[in-house]
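1. this is a predicted model, with the sequence first.
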Amino acid sequence: MSHPEIQAEQAHIDRAYALLESSRQRATRLREMVEVGRGGTRQARFERDVIEDTVAGRLSQLELGSSSLVFGRIDRPARPNGDADSPDGSLDGSTGGNGASETFYIGRLAVADERQEPVVVDWRAPIAEPFFRATGGDPLGLLRRRHFVCRGRVLADLEDEVFDLDALEGDSDGNGDRPRLNAHGALYAALEQRRDGQLRQVVSTIQAEQDEIIRSPRKGILVTQGGPGTGKTIVALHRAAYLLYTYRFPLAGQGVLVIGPNRLFLRYVERVLPSLGEAGVHLFVLADLFNEIFGDVRVRLADPAAVARTKGDIVMSQVIANAVRDRQRPLRSDLRLEFGLGYVTLSAGRSRAIVAEARRRFRHHNAGRSYVEQAVYAAMSASHRRRPEPAKLRERFARHPEVMAAFERMWPLLTPAQLLRDLYGSRALLRSASEGVLPDDEWKSLYRPRGDSEADYEWTDADVPLLDEAYSVLGPRSRSRKRRSDTEIRTYGHIVVDECQDQPPMALRMIARRSLNGSMTVVGDIAQATSAHAPSSWQEILRHLPQGPVEPRLSELTLSYRIPQPSLELANQVLAAAAPGLAPPAAVRIDGSPPRFVCTESIAQGVLEAVDVEAAALDGGSLLVVSPARFMDEIASMLEDAGVDFGRATAASRNATGALHPRVTLAPVRLCKGLETDGVVVVEPAAMVDEEPQGLRALYVALTRATKRVAVVWSQPLPDPLKGPSSSGIAGEAGACNTGLAAAPDMPAVGMSGANHVTSGESNG
């Protein structure tokens, strides 16, 4: 039976949409205010451009896409207009029917009527805070909180949480019954929705512990630790939107930056902020930050784990500094050139003094080149009996091969790519720059041929922070011939770093250089740190980030909303072995399908049959196949031959269109962090543990991507943590594939070729 107030609430929602459309039309009409013909003045053209930018920004703020405008309402005791105790002090909601309460509708955007009275309050406004934070123990002055369940513009259902029954006893449902008290229906409905390969904003179901982090003060560094499914990414993105709303000045001018672990992740989250009315936030990976300065860096290679660890170590900053210093060299012998009836000379001793003075004067290497040239010509002038003007010597010898060679030896102009390519391509340079810093085996591992052309040279992800470090030491080659945006590192008023636990020290140093004032939000999970530099605590990360007057603050998300308890119990067995000191998150969703274990002789065939079963069970939901790299090609070939509609996730280039497939996505474990799908198939856990630098943590990540179903395909003996209580009926004590175990009663075995078996785990939950 539908709620008797649905029609009245639908009418309010319809009115809000009509007013929103009127706002769009008014914004569009601004374009007609300034019309510039062919002979228009410069001032008129400037005004037109300003208005166009303003209109475009306003229209982007008013664009909702498929998101619903209104998602709830709060009722509180009526207060006088402008009461100082009001959360906002400026908004006066509509008065309830009995005159004892006032109502505010909460939505994604603020909407006002013709008299500028609020019809919908922006979720970020102070007056909306109780909608997210009120509890039975602390209702924050609310009488009732009402959640709307909308399908686009249509109100499908609503549910009430009543905090003061006596105050609302006259507000019945028409049958003498009091309002329903279901506090979690909207949340569970959102969690049960199918995933379509794109992360959605969930502002309507933000919980109290999440909202507290979102609305935390801007200054300083806020660290958010949270296990899988706790909403870290959602919190980080909604915090970016909240800060832009609350601190529009100065953040609109300073900029807000969101850094993700890879471009697949950025494609996954790219719709969230625009759906919240904030389209101007920069979503970058580290290579994009460097490309702001130096164009397109070809990041196409992958380093072995040991090499990546060496490149990410903080001592590489000293190696880079040494490499630059090694290119500042005095002449081996005197330079002697004919001039007029005599000679001009630059002695080796004088060149040594010039290099030493340039080192003392200039922080950036390239900035010292002009001084070196002036000092060289001045020394040559002083060596001639007639002391010619240095400018005449410059004119005479500017392109002289010996002079040019002298400058290139003493103080060459360098780009970061030139410095690093030369360094990697010379064992002598590597040995010199690494002396006393890196052991022999580590600096030798950095060697790679220079190749034939700088334009064709390719880099790895681990090289990007080193290129940036090199730029911070070198500086621009020529300030006068480049635009400001091409020659200076851009800083941002607030930086959000997602999956921060996987950023090595050199990457953190690169990120810190982009911070204007030390205002940052870093989120992640130490248990999911899978890089070669996996930290054991957040203190190891914070030491490389800006140190300001405000102490870093640590917050924690403790509830896993995404993962059902049976799946989380299995993952927590792995967590206990991978990171024994970390407390696992608690599951909000108690019910769920138990994990299935698929034993097979052929991994590719086993994955194919598991995909068939899981896709059928999900009935059109999204499925992620997480595989060790060695099986990717074989599995892709098997799925393609079988006619399965799937996509293969890659670390796509910035302009690529690749993203999660809406049905089946095949991905290596290194790219699946931060993603969520309805189901996941985890391929050969033993190989995953052996292949990854932090194998058990990588397995933990893979097991925690699904909102509904988990299947594990295996042929090698399972890792010990998967033989615990949640899977004791699956793999047996030895974890051998030929155990011949029967399926659990609620999940019948699926027939497979040969001696394969499919079994289902029974959860303790």
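-> Structure received.
2. going forward, measure contacts and count neighbours with C-alpha atoms only.
-> Will do.
3. any low-confidence regions in the stretch 351-500 of the chain?
-> For the stretch 351-500 of the chain, the stretches flagged by pLDDT under 70 are 479-487.
4. what do you get if the cut-off is 80, keeping everything else the same?
-> Within the stretch 351-500 of the chain, the stretches with pLDDT under 80 are 478-487.
5. helices along that one, start to end?
-> In the stretch 351-500 of the chain, helices defined by DSSP state H, counting those that start in this stretch lie at 369-383, 390-397, 401-410, 416-424, 427-434, 440-445, 463-474, 484-487, listed in chain order.
6. where does residue 700 fall, secondary structure wise?
-> Mapping residue 700 onto the secondary structure by DSSP states H and E places it in helix 695-703.
7. hmm, who's touching that helix?
-> 228, 527-530, 567, 570-572, 574-575, 577-579, 626, 669-670, 672-673, 680, 682, 685, 688-689, 692, 710 (CA atoms under 8 Å, 6 or more residues apart in numbering).
8. of the helices of the stretch 351-500 of the chain, which is nearest residue 293?
-> Counting by CA to CA, residue 293 lies closest to helix 484-487 out of the helices of the stretch 351-500 of the chain; the figure is 4.7 Å.
9. in this structure, which residue is most central in space?
-> For the chain, the residue whose C-alpha lies nearest the mean C-alpha position (CA atoms, centre = their mean) is residue 260; its distance is 2.4 Å.
10. phi and psi next, for that residue.
-> Backbone torsions of residue 260, given as degrees, to the nearest 10, read phi -110, psi 170.
11. output the below-cut-off pLDDT ranges for the chain.
-> 1-2, 27-67, 79-100, 164-204, 277, 279, 294-296, 478-487, 650-659, 724-765.
12. looking at it, which residue lies furthest from center?
-> For the chain, the C-alpha farthest from the mean C-alpha position belongs to residue 341; by CA atoms, centre = their mean, that distance is 67.5 Å.
13. residue 516 against residue 546, yeah?
-> No. Residue 516 is not in contact with residue 546 according to CA atoms under 8 Å; the separation is 9.6 Å.
14. the more surrounded of those two?
-> Regarding residue 516 and residue 546, a neighbour count based on other CA atoms under 10 Å identifies residue 546 as having more, with 22 against 17.
15. and that one, helix, strand or coil?
-> The assignment at residue 546 comes out as coil when based on DSSP: H, G, I helix; E, B strand; the rest coil.
16. quick one, what contacts the residue lying closest to it once chain neighbours are set aside?
-> Using CA to CA, 6 or more residues apart in numbering and skipping the chain neighbours, the partner closest in space to residue 546 is residue 518 (5.4 Å). Shown in contact with residue 518 (CA under 8 Å, 6+ apart): 219-221, 494, 512, 546-548.
17. hang on, the earlier thing: relative to residue 386, how far out is the residue farthest from the centre of the chain?
-> Distance of residue 341 to residue 386, given as CA to CA, to the nearest Å: 10 Å.
18. and what of residue 694?
-> Distance check for residue 694 against residue 386: by CA to CA, it reads 71 Å.
19. more neighbours: which of those two?
-> With neighbours defined as other CA under 10 Å, residue 694 and residue 386 compare such that residue 694 has more, 19 against 11.
20. so the more buried one makes contact with residue 531?
-> Yes. Look at residue 694 against residue 531 with CA under 8 Å: they come within range, at 6.7 Å.
21. can you pull out the helices in the stretch 651-765 of the chain?
-> Counting by DSSP H, counting those that start in this stretch, residue ranges of the helices within the stretch 651-765 of the chain are 685-691, 695-703.
22. can I get those in CSV including mean neighbour count and distance to residue 649?
-> What follows is these, written out as CSV (neighbours: other CA atoms under 10 Å; distance: least, CA to CA, whole Å):
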stretch, mean neighbour count, distance to residue 649
helix 685-691, 20, 17
helix 695-703, 26, 14
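23. got a markdown table for these, with distance to residue 104 too?
-> Below are the helices of the stretch 651-765 of the chain laid out as a markdown table (distance: least, CA to CA, whole Å):
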| stretch | distance to residue 104 |
| --- | --- |
| helix 685-691 | 51 |
| helix 695-703 | 41 |
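24. rewinding a little: are any of the contacts of residue 518 buried, and if so which?
-> For these, a burial check counting by 16 or more other CA atoms under 10 Å picks out 219-221, 494, 512, 546.
25. among these, which one lies nearest to residue 112?
-> For the buried ones among the contacts of residue 518, the closest approach to residue 112 (CA to CA) belongs to residue 494, at 29.7 Å.
26. give me the distance between that closest one and residue 469.
-> Per CA to CA, residue 494 is found 21 Å from residue 469.
27. check residue 604 too.
-> If you measure residue 604 against residue 469 using CA to CA, the figure is 43 Å.
28. likewise for residue 292?
-> Note on residue 292: its distance to residue 469, by CA to CA, is 14 Å.
29. higher neighbour count, the two?
-> Each of residue 292 and residue 469 has its neighbours counted (other CA under 10 Å); residue 469 has more, 23 against 15.
30. got the contact list for the more buried one?
-> By CA under 8 Å, 6+ apart, the residues touching residue 469 are 317, 320, 510.
31. which helix of this structure spans the most residues?
-> With DSSP state H setting the assignment, residue counts place helix 6-29 as the longest helix in the chain.
32. would you mark the buried spots in that helix?
-> Of the residues in helix 6-29, 9-10, 12-14, 16-17, 19-20, 23-24, 27-28 count as buried by neighbour count, 16+ other CA under 10 Å.
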